[in-house]
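Q: Sequence first, then the predicted structure, then my questions.
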Amino acid sequence: MKTRVKQRDFNDVTYKDVHDTIFPADVRESDLIYAKIRERDSGDEFMHVRVWKLSPLGIEILTPPGFDFSKGTQLDLKLQVGRQNTLFEGLVVAIADVNSAGKSITGIRLSRSQPIRANNHNRRQSTRWICSSQFFPVAVAPNPVQFNDFLYFKVRDISSAGLRVLTSLRNKFIVTGMTLSIQVSFPITGTINVEVEVKRATLAAEDGKDFLELGLEFSNLSRHHREILGQYVLQFSDAESLEAIRKQGLYPNSLTSGVDYSYVKSEADFKAALELRLAANLDAAKIPGDYTAEKMADIHDARSRILIGRYNGKVVGTMRATFCEEGESFEIESFIKLPNEFPRRDQIVEIGRAATSPDYRRSDLWYSMIQHISIMAVQAGRPFGIASTTPNLVDMYKRLGFRRTDLSYTHPLYPEQIQIVMTIDIHEVLPAQNVGVIAWNVVWREVADYLLENNIGNIANYRSSKARIYRILSPLAVLQSHFSKRPRRTSKSPKTNS
């Protein structure tokens, strides 16, 4: 009769030396888990051994007679889990019971050998972003050992290089060096399927419960993967700015999904808008370097609605909409006289002081502010807009449906900067007149949809035959816009402040 190896108590010192607080899994002879060992750097042939128990931190093997290992012996260990092989450096930390065949149980703590690094080598090459506690991504991967079984992970932070995840301590057969094919689901933004390598395995506690914490490294990320990752990081992480995300090789599709819009309601809001106007115009070299934020204000601010967009609490975009009542005049009328063919003042909104943070250029932030101002103007019964901009931005305005006039002037706030007067009829662009299919789908379609849903404005006009055709072409238009916004190494980002 064989002598059974006695069951060790969970709190036994030997047990903790090998596996810490993880209760190891029993390995049956039929399981697809195999090991070979030899003394460290001995040059001897690897010898097959029976795996007795396994956890992500350690392994117990049945060692036959003749293997006189003692505590502290260093080993080379080849571990095969499923079809995956990993080479470990192992340290014998415990020698347990002996069975009737004279085989002892040797407990080995596992570690992966790391390449020698130069003293100035930065181990972390990518920024790590903490996931929002309200919108944690989740991941799932097939169990490499057990049939029709899956491993589930909670993603806690993200970088362009990989993920930090938590999983149940029940997952005993995850070891460093293993490759997993995982599907990661990001709230709202999308799902990616990607291969990762387990680079680190340790214990972590969260909400009073122990978990296995893994560091996963992406094997390869496609452009599509980087867009979904970037969009999640932008909307739900602690990322500082859009530019910081892009510098890590991630490419969010839409900034405005992560921006909160409101109108200036306090002195602090107004000060933040003025500081952004100053920063944007200094970056665009439109104003002298000795200007202060206070100089970016004027008397028209007091009777205007000033839109501000915040990302992570920071104002990153602002635009001013000025309304004239009887006996008042627009800012532009300080320099030119409005032509007689212009609509009445009570049908006009003056759009000005647009500014976006330099860190958020090459995004849809400016377009989104135009959408907000346009909806507000239609709701107020003022569908005709006037704006002024520098010559280099005229074409951008025209693509959105603005018309260039023959009027121009020089504004004292912007020395030596000619201002071209542009006009727009929102009731004209919403039914897809005087605007191309890309700009209409990117900017004006959402405005038209909102006004239709809420029965605001000239509803019948928004359902024009041209607008219907543009809607059919929407997938192609949005795709073209998406490719046009991709970063180009050889071109400088346009400035979108005026």
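A: Looks like it arrived, so ask away.

Q: Would you list the phi and psi of the closest residue to residue 379 other than its chain neighbours?
A: Nearest non-adjacent residue to residue 379, counting by Cβ to Cβ, 6 or more residues apart in numbering: residue 456, 6.0 Å away. (Glycine included, C-beta is placed from N, CA and C.) Residue 456 adopts backbone torsions of phi -110, psi 130, taken as degrees, to the nearest 10.

Q: pretty sure residue 456 contacts residue 380?
A: No. With contact defined as Cβ atoms under 8 Å, residue 456 does not reach residue 380; the gap is 10.5 Å.

Q: for this structure, which strand is longest?
A: Counting residues, the longest strand in the chain under DSSP state E turns out to be strand 190-206.

Q: Now do that one: distance to the chain's middle.
A: 17 Å (Cα atoms, centre = their mean, to the nearest Å).

Q: now that strand: mean pLDDT?
A: What strand 190-206 shows for mean pLDDT is 91.

Q: Which positions within it qualify as buried?
A: Across strand 190-206, burial judged by 16 or more other Cβ atoms under 10 Å covers 190, 192, 194, 196, 197, 198, 201.

Q: Contacts for that strand, please.
A: Under the criterion Cβ atoms under 8 Å, 6 or more residues apart in numbering, residues 20-22, 56-57, 162-163, 166, 174-186, 210-221, 224-225, 228-229, 231 lie in contact with strand 190-206.

Q: Measure how buried residue 413 is and give me the count.
A: 16 (other Cβ atoms under 10 Å).

Q: For it, which three-state class applies?
A: Each residue gets one of three states, and residue 413 gets coil by DSSP: H, G, I helix; E, B strand; the rest coil.

Q: And the pLDDT at the closest residue to it other than its chain neighbours?
A: Closest residue to residue 413 apart from its sequence neighbours, by Cβ to Cβ, 6+ apart: residue 287 at 6.9 Å. Residue 287 carries a pLDDT value of 89.

Q: What residues does residue 287 make contact with?
A: Contacts of residue 287 by Cβ under 8 Å, 6+ apart are 278, 281, 413, 414, 415.

Q: Let's have those in CSV, adding pLDDT and distance to residue 442.
A: Formatted as CSV, these follow (pLDDT from 0 to 100; distance: Cβ to Cβ, whole Å):
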residue, pLDDT, distance to residue 442
278, 95, 29
281, 91, 26
413, 90, 30
414, 88, 28
415, 83, 34
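
Q: Format the residues you listed as TSV; extra columns: distance to residue 311.
A: What follows is those, written out as TSV (distance: Cβ to Cβ, whole Å):
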residue	distance to residue 311
278	18
281	20
413	26
414	26
415	31
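
Q: Of the residues you listed, which is the nearest to residue 249?
A: The shortest approach to residue 249 among those belongs to residue 281, at 30.1 Å (Cβ to Cβ).

Q: Show me the helices in the protein, by range?
A: With DSSP state H as the criterion, the chain has helices at 13-19, 223-236, 242-247, 267-283, 365-379, 394-399, 426-429, 437-439, 445-453, 459-462, 465-472, 474-484.

Q: For residue 350, which of those helices is the nearest?
A: For the helices of the chain, the distance to residue 350 is smallest for helix 365-379, at 10.2 Å, taking Cβ to Cβ.

Q: how long is stretch 230-246 end to end?
A: By Cα to Cα, to the nearest Å, the extent of stretch 230-246 from end to end equals 8 Å.

Q: and if you look at stretch 452-465?
A: 15 Å.

Q: got it, and stretch 151-170?
A: 10 Å.

Q: Stretch 332-345 now?
A: In terms of Cα to Cα, the two terminal residues of stretch 332-345 are separated by 12 Å.

Q: for the record, mean pLDDT for it?
A: Averaging pLDDT along stretch 332-345 gives 91.

Q: likewise stretch 427-443?
A: Per-residue pLDDT over stretch 427-443 has a mean of 90.

Q: tell me which residues of that stretch are tucked away?
A: Buried residues in stretch 427-443, counted by 16+ other Cβ under 10 Å: 428-432, 435, 437-443.

Q: could I get that stretch in PDB with only the CA atoms?
A: Backbone C-alpha positions of stretch 427-443 (Å, rounded to 0.1, in the frame of the first residue of the first chain) are rendered in PDB as follows:
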ATOM      1  CA  HIS A 427     -30.500  77.000 -42.500                       C
ATOM      2  CA  GLU A 428     -28.600  76.700 -45.700                       C
ATOM      3  CA  VAL A 429     -25.900  74.200 -44.600                       C
ATOM      4  CA  LEU A 430     -28.200  71.900 -42.600                       C
ATOM      5  CA  PRO A 431     -30.000  70.800 -45.800                       C
ATOM      6  CA  ALA A 432     -26.500  70.200 -47.400                       C
ATOM      7  CA  GLN A 433     -26.300  73.400 -49.500                       C
ATOM      8  CA  ASN A 434     -22.900  75.100 -50.000                       C
ATOM      9  CA  VAL A 435     -21.100  72.300 -48.100                       C
ATOM     10  CA  GLY A 436     -19.400  69.100 -49.200                       C
ATOM     11  CA  VAL A 437     -20.400  65.600 -48.200                       C
ATOM     12  CA  ILE A 438     -17.500  65.100 -45.700                       C
ATOM     13  CA  ALA A 439     -18.000  68.300 -43.800                       C
ATOM     14  CA  TRP A 440     -21.800  67.800 -43.700                       C
ATOM     15  CA  ASN A 441     -21.500  64.300 -42.300                       C
ATOM     16  CA  VAL A 442     -18.700  65.200 -39.900                       C
ATOM     17  CA  VAL A 443     -20.200  68.500 -38.600                       C
END
